[in-house]
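>>> sequence and predicted structure are below.
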Amino acid sequence: MKALLDQNHTWPSEYTFKFIVPKDQLLEAHALFSGERTQDRQSSNGRYVGVSITKTMASAEAVLEIYDRAKVIPGLIAL
């Protein structure tokens, strides 16, 4: 994935993260971005929340670090 990110971005670059998380894991998803403002959209049944943020990232490694931290959140789906 690092090679693909490097192929499609010139760092530093804006990168959009999108996740779907269970509603009770929303604070953990927000913690990935150190209190920065995210765009949240609740699902129609209210059990899940879509979380999006566009952030300037320094490198592909920095992007992958966020995904590594995200994968330990129960029920999180990265898009």
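Cool, the structure landed.
>>> going by C-alpha atoms from here, please, whenever you check contacts or count neighbours.
OK.
>>> quick one: which helix or strand includes residue 26?
Per DSSP states H and E: residue 26 is located in helix 26-31.
>>> and that helix, how far from the chain's centre?
10 Å (CA atoms, centre = their mean, to the nearest Å).
>>> which strands or helices does the very next helix or strand once past it pack on?
Next along the chain after helix 26-31, taking DSSP H and E as the criterion, comes strand 39-42. Secondary-structure packing of strand 39-42 (3 or more CA pairs under 8 Å, 6 or more residues apart in numbering; DSSP states H and E): strand 48-57.
>>> how about the strand it packs on: buried residues?
48, 49, 50, 51, 52, 53, 55 (16 or more other CA atoms under 10 Å).
>>> closest to residue 1 among the residues you listed?
Comparing the buried residues of strand 48-57 against residue 1 with CA to CA places residue 55 closest, at 18.3 Å.
>>> contacting residues for that closest one?
The contact partners of residue 55, by CA atoms under 8 Å, 6 or more residues apart in numbering, come to 14, 15, 16, 17.
>>> run through the residues that contact the residue at minimal distance from the centre of the chain.
By CA atoms, centre = their mean, the chain has its centre lying nearest to residue 17, at 3.8 Å. Residue 17 makes contact with 51, 52, 53, 54, 55, 78, 79 under the criterion CA under 8 Å, 6+ apart.
>>> what's the answer for residue 74, then?
With contacts taken as CA under 8 Å, 6+ apart, residue 74 has the following neighbours: residue 25.
>>> swap in residue 2?
Applying CA under 8 Å, 6+ apart, the residues near residue 2 are 60, 61, 64.
>>> go with 6 Å
Counting by CA atoms under 6 Å, 6 or more residues apart in numbering, residue 2 makes contact with residue 60.
>>> mind checking how far it is from residue 62?
Separation of residue 2 from residue 62 (CA to CA, to the nearest Å): 10 Å.
>>> which strand or helix spans residue 64?
Using DSSP H and E, residue 64 falls in helix 60-70.
>>> which residues does the closest residue to residue 23 other than its chain neighbours bridge with?
The spatially closest residue to residue 23, leaving aside those adjacent along the chain, is residue 48, at 4.8 Å (CA to CA, 6 or more residues apart in numbering). Assessed by DSSP bridges, residue 48 has beta-bridge partners residue 22.
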